[in-house]
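Colleague: predicted model, plus sequence, below.
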Amino acid sequence: MTRSWLPGVFLALGTGLAMLLILKAQPAMIVELFRRPSGPILALAALCHVAILVTRAYRLFLLAGSTLSFFHAILLHTAAQTVAAVLPWRLGELALPPLARWTLRTQLSRAAFWWLAGRFFDLWSLGVVAALLALGGWLPRGLLGPAAALVVVLSLAASLSARRRPWKWLARLAPSRRWVKGLLRVRRLLAQLCRRPAQLLAVGTVSCLMWAAIVAFSTVVIAGMEVGLTLRQIFIGVLGATVGAALPLAGPGNLGPLEAGFAGALALAGVPPGQALAVGFALHLWTLTFHLAVGSPCLYLLLSGTRSKEEGYT
């Protein structure tokens, strides 16, 4: 039986969730908070947003090695992040491999490795940062255990990724020999990465710096809203939003689950739910604004390069 209706159901649920949360937060309050940051605050936020994109693009550059220049890594990652920020139901998260294949003529299996390794280091570095912050008292001590467990589980999964047997089992589910070859190429690239401790250390360090840039961006924008959240509360809110982002229920612009996770985490830190939701939506809208402002030119440059190549072939 086909399951083609499931994306529509999740999209409808995500859109409904976003609407309910917007009503709970009061649209007028969201607009008011969105308008509060001044020009200098937004300029500083723009620099923080660029720092997020540069650190993630540099991680992509490290993972790609000699197959991708830093300039193309910036264009590719920023364009993919823009698509991920706009498309609903987390569909945009899968944009990087086909975008790399279409615009840069990258082997799809290699681009899939970049995406898979990036998602791994997103979670691994989040666990490391959360564990360190909990150990230092910046986050509740109760988060130390789950954060450390996340790091251990992911590290074990990474060590298993170099073995052939799990990939052979996965290859049996592949629909064609072409898929089997692609899966085995991804495994080979993962195994090569696991044998390079210096590269692993560099990618892990850059990933931790990425989270520092994300917290800095959130702190600057929220400070401009003048709502009185502490740095500790912002740490907790960012962590909650990241957990909420894992839900496949987001509507257009991925609104809904992020704000639910953000507000749920802040509620545990003593912030009223309505205020937390309004701050979460206003922060998300500014994030989308910066994504579109920076990512649209990058996407245009990528597509322009593709058209130039196609015209050169004719």
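Modeller: Thanks, I have the structure now.

Colleague: quick one: the helices in the stretch 101-250 of the chain, in order.
Modeller: For the stretch 101-250 of the chain, the helices defined by DSSP state H, counting those that start in this stretch cover 108-135, 144-161, 164-171, 177-194, 197-225, 231-244.

Colleague: and these, which one is worst for confidence?
Modeller: Sorting the helices of the stretch 101-250 of the chain by mean pLDDT places helix 164-171 lowest, at a mean of 65.

Colleague: next up, phi/psi of G136, please.
Modeller: Backbone dihedrals for G136, given as degrees, to the nearest 10, come out at phi -90, psi 0.

Colleague: related to what we said a few turns ago, got CSV for the helices of the stretch 101-250 of the chain, with mean neighbour count and distance to A278 too?
Modeller: Glycine gets a C-beta too; all of them are placed from N, C-alpha and C. As requested, the helices of the stretch 101-250 of the chain are exported to CSV (neighbours: other C-beta atoms under 10 Å; distance: least, C-beta to C-beta, whole Å):
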stretch, mean neighbour count, distance to A278
helix 108-135, 20, 25
helix 144-161, 14, 28
helix 164-171, 13, 44
helix 177-194, 16, 42
helix 197-225, 19, 9
helix 231-244, 21, 12
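
Colleague: point out where the stretch 1-150 of the chain drops to low pLDDT.
Modeller: Along the stretch 1-150 of the chain, segments meeting pLDDT under 70 span 1-8, 88-93.

Colleague: still on that earlier bit, can you put the helices of the stretch 101-250 of the chain in a markdown table and add distance to V83?
Modeller: A markdown table is the format used below for those (distance: least, C-beta to C-beta, whole Å):
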| stretch | distance to V83 |
| --- | --- |
| helix 108-135 | 12 |
| helix 144-161 | 26 |
| helix 164-171 | 26 |
| helix 177-194 | 21 |
| helix 197-225 | 19 |
| helix 231-244 | 19 |
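
Colleague: quick one: closest of these to Y300.
Modeller: The closest approach between Y300 and any of the helices of the stretch 101-250 of the chain, judged by C-beta to C-beta, belongs to helix 108-135 at 20.0 Å.

Colleague: looking at the helices of the stretch 101-250 of the chain, which is closest to A28?
Modeller: helix 197-225 (14.3 Å).

Colleague: the closest one - contacts with which helices or strands?
Modeller: helix 39-64, helix 108-135, helix 177-194, helix 231-244, helix 273-313 (3 or more C-beta pairs under 8 Å, 6 or more residues apart in numbering; DSSP states H and E).

Colleague: how about these in TSV, adding distance to L76?
Modeller: Converted to TSV, these look like this (distance: least, C-beta to C-beta, whole Å):
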stretch	distance to L76
helix 39-64	7
helix 108-135	9
helix 177-194	17
helix 231-244	23
helix 273-313	7
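
Colleague: so which of those comes closest to P252?
Modeller: Of all the helices and strands packed on helix 197-225, helix 273-313 sits nearest to P252, with 10.1 Å by C-beta to C-beta.
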